[in-house]
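J.: One predicted model, sequence on top.
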Amino acid sequence: MDDEHRKPAGCPSIPAVLSISEILVCIFRELGNGSRAAAARVCRTWVDVALDVLWEDLESPLPIMKLLGRTGYYGCGLDWETGSPNGDWTRFASYMRRVRAFSCDGGIGIRRDEVLAELLHYVAKNHGTYLLPQIRRLRWRVRTDDDVRTISPFLSPTLREVEIRLRWEVSSSATYRLLRTLHTVPLHNMAPLQFGHNGRTENEFEEELASTINIQSKLRVLRIPAFPIETPMLVPNLRVLQAKLDPAWNADPGAFFLQLSDKCPLIENLRIIFPSDSMLTVESIRPLLRYSKLWRLDLEYPGAVDMQDKHIEEMVSAWREMEVLHIAARRAHVDPVAPPSGTPIASLATFAQAFSPKLRKLAVYFNASDVLFLPDPPVRFANLEVFSVGASQLGYSQAEQWRVVRFLSAVLPSRKTFLHSESSSYNPSQGIFDFEGLRRRNASPGWVRLSEMLYDYRKECSAEELSYDR
């Protein structure tokens, strides 16, 4: 080999496949940030790809802040008293162009307003160049009114997904100003919007929220679990909707569902929280049968919906893609005079026969007093992962409870022994299938006991089968 083609000793060559950007991106995304930073120092071929991956998803504002200058710490966050930051703006801008997603839990940890002023000055002096000019996703947990002011520099028309959660401490006026800011930034290509608030809001805020949503013609995902849904929010392109029913629709939820199916014909994932005085019936749900691609339905309501086998068969003929179905009250419904209400628990056999094998999660308000016989012919859910009875009432008769245990053992998957249930209280911002460690504190003691009986019964049956085989 000629001397001119020889590589210096100790300098291994990089395989050609590791010079392909698409492959490098896949590799670097599997590494930690430290390894990505090290990869950026290997060669010129890797540097841009490694830095793009390193900076594409920031879970903290600290990397951005550190580009502005030296920072120290004090008791509650970053300390900028040592001097107003004067970073290299050219270098700063080169890194900001790489950011595609940004998350912030609370404020940006500043003691004074110098940092915010520098960021705003940077945005202003670049004549329309935004702080994060290529950002696609923004997630922000707002804890105080002061945190609201820090969001504006991070907004950009390139945003496609916005998720903002506000705590109780954030006032309605500050929230209103935030919405006005969102309204002024031309986020016309935004697809998902998630906006959560734990406190009370004023009418002007709800009107501004409706106006902000109405201009988003490409909006596909809308999650506003704490706010009433109004007609201007029903944009035609919606696929996912999670909201609270507006008080104007209290008298007839069916009228809302009818208008929803007219204005938003593409819904695939729907969760609606009903006010305390709403009355949900099988007939009011009927307009939702228009959604042939509906795969998740989650209805939070007081009271009990009496579904019969014929209704379940209508649902399965319309919702062939259904994977997650929740039509179960999470607030106790007890009428001391009327007979027990709710979907007969024997109808579980119809659910298992009609919706399997796609159905993975099911929650229904059941009437558990009607179980007399095991399903004939035998039928069992194929892939059910979660089963919940909501706030269904359970009789005190031990004989009745054992009938329920034997029936559930016959229709539920063999691995399913714990029955999720709800007491009279619930968190409206959290779906019934979004389980956390604290969820079992709200479980009904009667259904917890029934879960234990189900576990013991199946264990005993397994032991008997093993003994018989021997």
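T.: Cool, the structure landed. Numbering: from 1, shown residues only.
J.: In three-state terms, label Leu299 for me.
T.: In terms of secondary structure, Leu299 is strand; the call rests on DSSP: H, G, I helix; E, B strand; the rest coil.
J.: mind checking pLDDT for it?
T.: Note for Leu299: predicted pLDDT of 88.
J.: again with Val53
T.: Predicted confidence (pLDDT) at Val53: the value is 90.
J.: And the average pLDDT for the lengthiest strand in the chain is what?
T.: In the chain, taking DSSP state E as the definition, the longest strand is strand 221-229. For strand 221-229, the mean per-residue pLDDT is 79.
J.: Report the distance from that strand to the chain centre.
T.: For strand 221-229, the distance between its averaged C-alpha position and the chain's averaged C-alpha position is 12 Å (CA atoms, centre = their mean, to the nearest Å).
J.: Which helix or strand lies directly C-terminal to that strand?
T.: Following strand 221-229 in sequence order, the next helix or strand is strand 240-245 (DSSP states H and E).
J.: who touches the helix or strand following that following strand?
T.: Remark: after strand 240-245, the chain's next helix or strand is helix 253-263, criterion DSSP H and E. The contact list for helix 253-263 (CB atoms under 8 Å, 6 or more residues apart in numbering) reads 229, 231, 234-236, 241, 245-246, 249, 267, 272, 274, 278-281, 283-288, 290-291, 301. No exception for glycine: its C-beta is placed from N, CA and C like everyone else's.
J.: relative to strand 240-245, how tilted is helix 253-263?
T.: 150 degrees (axes from the mean of the first three to the mean of the last three CA atoms, to 10 degrees).
J.: before we move on, the earlier item: now do the longest strand of the chain against helix 253-263, angle only.
T.: Strand 221-229 and helix 253-263 are oriented at 140 degrees to each other (the same axes, to 10 degrees).
J.: so what secondary structure elements neighbour strand 221-229?
T.: strand 192-197, helix 203-214, strand 240-245, strand 269-273 (3 or more CB pairs under 8 Å, 6 or more residues apart in numbering; DSSP states H and E).
J.: Could you dump the ones you listed into a markdown table with mean neighbour count, mean pLDDT and distance to Leu297 added?
T.: Supplementary listing: the helices and strands packed on strand 221-229 in a markdown table, determined by neighbours: other CB atoms under 10 Å; pLDDT from 0 to 100; distance: least, CB to CB, whole Å:
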| stretch | mean neighbour count | mean pLDDT | distance to Leu297 |
| --- | --- | --- | --- |
| strand 192-197 | 20 | 72 | 19 |
| helix 203-214 | 18 | 72 | 22 |
| strand 240-245 | 20 | 86 | 11 |
| strand 269-273 | 22 | 90 | 6 |
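J.: mind listing what the nearest residue to Ala174 once chain neighbours are set aside touches?
T.: With sequence-adjacent residues excluded and distances taken as CB to CB, 6 or more residues apart in numbering, Ala174 is closest to Asp145, at 4.0 Å. By CB under 8 Å, 6+ apart, the residues touching Asp145 are 169-171, 173-174.
J.: hmm, back to that, save the helices and strands packed on strand 221-229 as JSON lines, and put in distance to Trp295 too.
T.: JSON lines is the format used below for these (distance: least, CB to CB, whole Å):
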{"stretch": "strand 192-197", "distance to Trp295": "17"}
{"stretch": "helix 203-214", "distance to Trp295": "23"}
{"stretch": "strand 240-245", "distance to Trp295": "10"}
{"stretch": "strand 269-273", "distance to Trp295": "7"}
